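Asker: Structure of the sequence below:
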Amino acid sequence: MQTSVLELIKKLEEEIGPLSKVQRALLSTDGSVTRLLEVFCNAPVGVETKSQKIIAASDTIAQSLGISIGEEVNYREVDLYNKTTHDVLIHAVSYAPLSHLPSNATIRLMKEDEPIGNIMRDEMMESRREVLSVGYNNFFTHGLQNSDLNRQTSCISRLYRIIHNNKPIFLIEENIPKNLFSEKKTVWVKTPSRLHIGLLDMNGSFGRIDGGAGITLNDPGFDFEISESDSFILTSENQDITGYVYQVLERLQNNGFVIPPVHIHINQHIPFHCGLGSGTQLALGLVSGISTILAKESNCDELLSVTGRGGTSGIGSKAFFQGGLLVDAGHRFGPGKRKTTFSPSSVSSQAGIAPLVGRYMIPEEWNFIVAIPDGLREIYGKLEEDIFQKYCPVPVQDVRVLSHLVLMKLIPSVIEKDLDEFGAAINEFQEYGFKKCELGLQHPIIGSLIESMRNAGASGVGMSSFGPVVYGVCDTGSSDVISAAKETMNNYCGGNTILTKGRNRGAEIIC
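Answerer: This is a model prediction of the structure:
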């Protein structure tokens, strides 16, 4: 059995990189986990029960525990924590068939916050542990004293059974926060994504171009860890994205950013080239995380300078640092100015950062539905550059309308939490300026998607950046809007929908 556990751990390390000795011990131990934790932490370990109830065994649970489907099982969800620091050490979920447990053990299990190992020791229950699987996931861990600790945490995990008198008496899943027991310094990075409502002035006759408005979202976002390492390692739960990450790292190096030997593991990502700002969020996340690993203090401008981002729109960079509804004023335009041509951010690094002229809190009760159609043309690179050159300048009257729309309708609606007015502003924005050009280049499915989501009850629907992401906003009726979006996309070639909230803070960088 021990060889099997070692093989499981070896396979896990091939996916996420080397584990520490402590992590290997916790995944493979056939003894008391609580006792191991006390030794590793040099502190007493407590148990806090989060949830406990009697449930009927499902097919899977019954098979694992050798009982009948529907038989009574004690379900218990607990945090094992360091009593000195109050850090959560392990989040565990256990299933115990009442028919297999001694009566006194059952009473103690259901009434007391104490480790299972202690109960078995006191009740003199000889046993063995059988590890079924080990893995890696994101798990929602709960802070014991500070609600700010509640967050998604990268964990290594194991599933095992405890056998007593040749019968399974516990099926236990343990989730162990990876950063707590790493021998290497580790930084956890969680970024938002952004919706780009649109560019304001792609005419330039007033001496500025670009400018725009955008919304920061909770999801989707990048979630990755950066750890000290003897050599550079890049791993991901989705191997398809590593090529894109390498491209961003190469761009950072070309801009003078030195990448040390670190292990970067990508847990989740923003879909690329679809209008959610993946490039800016990834670049800033990598630079910020690596700088933290190196204990290098850098301000926002220094971090942005090596990413080369923000040369057209400043929304993505401000979303990373601050969150909220954001409005920027673009760049000085003309001979000898910051920008002399109409161009996307990818080729406008010399333009510098667009000044932020407004940041506003997005109402928490608003829901955002993000629809991402499959199989559509991605607009970036040379194609994007050519579009800017072909369709700019836009009519100056459109610039006046959009500027008035942002100042007198979009911003006030957020301040006053007027969803209908906000939705109306989003709808009107699609009809003018460069946004009208962007929409005109899309597959007909985009127009159908916008119409179906509006008809299903979304207060406002628009396309983010060059798309193909379409977003809707509502307070109630989200399920109807999602259903309409799915039906429309399925009539073409499918797609995904995400229900999320606006985000009023920037990225999280956690040591």
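Asker: Please list all residues in contact with Ile215.
Answerer: Each residue near Ile215 by CB atoms under 8 Å, 6 or more residues apart in numbering is listed here: 194-195, 197, 325-326, 362, 368, 471, 502. Using the backbone N, CA and C atoms, a C-beta is placed for each residue, glycine as well.
Asker: Ok, Glu451 next?
Answerer: Contacts of Glu451 by CB under 8 Å, 6+ apart: none found.
Asker: any idea which element it lies in?
Answerer: With secondary structure defined by DSSP states H and E, Glu451 is part of helix 444-455.
Asker: Can you name the secondary structure element that comes next after that helix?
Answerer: Per DSSP H and E, the first helix or strand lying C-terminal to helix 444-455 is strand 460-463.
Asker: Measure how the following helix or strand past that next one sits relative to helix 444-455, angle-wise.
Answerer: Sequence-wise, the next helix or strand downstream of strand 460-463 (DSSP H and E) is strand 470-474. In terms of direction (axes from the mean of the first three to the mean of the last three CA atoms, to 10 degrees), strand 470-474 departs from helix 444-455 by 0 degrees.
Asker: where does the nearest residue to Ala351 once chain neighbours are set aside fall, phi/psi-wise?
Answerer: In space, and not counting its chain neighbours, Ala351 is closest to Gly311: 4.0 Å by CB to CB, 6 or more residues apart in numbering. Reported as degrees, to the nearest 10, the phi and psi values for Gly311 are phi -80, psi -10.
Asker: care to break this structure down by domain?
Answerer: Domain ranges of the chain: 2-183, 189-510, per automatic domain parsing.
Asker: deepest of these, which one?
Answerer: domain 189-510 (a mean of 19; mean count of other CB atoms under 10 Å).
Asker: For that domain, what is the distance to the chain centroid?
Answerer: Mean-position distance between domain 189-510 and its chain equals 15 Å (CA atoms, centre = their mean, to the nearest Å).
Asker: how long is that domain from one end to the other?
Answerer: Across its full length, domain 189-510 reaches 7 Å between end residues, using CA to CA, to the nearest Å.
Asker: need the contact list for Ser403.
Answerer: 200-201.
Asker: shaky segments in the stretch 51-200 of the chain?
Answerer: Scanning the stretch 51-200 of the chain for pLDDT under 70 picks out 107, 111-114, 120, 122-125, 138-152.
Asker: any chance you could map the helices in it?
Answerer: 59-65, 103-111, 116-122 (DSSP state H, counting those that start in this stretch).
Asker: Format the ones you listed as TSV; extra columns: distance to Glu508.
Answerer: Shown next, in TSV, are the helices of the stretch 51-200 of the chain (distance: least, CB to CB, whole Å):
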stretch	distance to Glu508
helix 59-65	34
helix 103-111	36
helix 116-122	33
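Asker: Identify whichever of those helices lies nearest to Phe342.
Answerer: Closest to Phe342 of the helices of the stretch 51-200 of the chain is helix 59-65 (CB to CB; 58.0 Å).
Asker: Could you name the helices and strands sitting against that closest one?
Answerer: strand 88-97, strand 167-177 (3 or more CB pairs under 8 Å, 6 or more residues apart in numbering; DSSP states H and E).
Asker: Now tabulate those strands in a markdown table and tack on distance to His443.
Answerer: As requested, the helices and strands packed on helix 59-65 are exported to a markdown table (distance: least, CB to CB, whole Å):
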| stretch | distance to His443 |
| --- | --- |
| strand 88-97 | 44 |
| strand 167-177 | 42 |
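Asker: nearest to Phe222, of these?
Answerer: Per CB to CB, nearest to Phe222 of the helices and strands packed on helix 59-65: strand 167-177, 18.8 Å.
Asker: Pairing partners for the closest one, with directions?
Answerer: Applying DSSP bridges to the sheet, strand 167-177 is found paired with strand 88-97 (antiparallel), strand 151-164 (antiparallel).
Asker: and the angle from it to helix 103-111?
Answerer: Using the same axes, to 10 degrees: strand 167-177 against helix 103-111 is 30 degrees.
Asker: before we move on, back to that, looking at the contacts of Ile215, spot the one nearest Val248.
Answerer: The closest of these, once distances to Val248 are taken by CB to CB, is Arg194, at 16.6 Å.
Asker: Ala319 is in contact with that closest one, correct?
Answerer: Yes. If you go by CB atoms under 8 Å, Arg194 and Ala319 touch, sitting 4.1 Å apart.
Asker: overlap in contacts of those two?
Answerer: Shared contacts of Arg194 and Ala319 (CB under 8 Å, 6+ apart): 214, 216, 277, 280-281.
Asker: Among these, find me the one that's closest to Asn175.
Answerer: Gln281 (26.1 Å).
Asker: wait, isn't the closest one in contact with Thr216?
Answerer: No. When contacts are counted by CB under 8 Å, Gln281 is not listed as touching Thr216 (10.2 Å).
Asker: Show me the common contact partners of those two, please.
Answerer: 192-194, 319.
Asker: what would the residues you listed look like in a markdown table with distance to Pro444?
Answerer: Shown next, in a markdown table, are the shared contacts of Gln281 and Thr216 (distance: CB to CB, whole Å):
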| residue | distance to Pro444 |
| --- | --- |
| Pro192 | 31 |
| Ser193 | 26 |
| Arg194 | 26 |
| Ala319 | 30 |
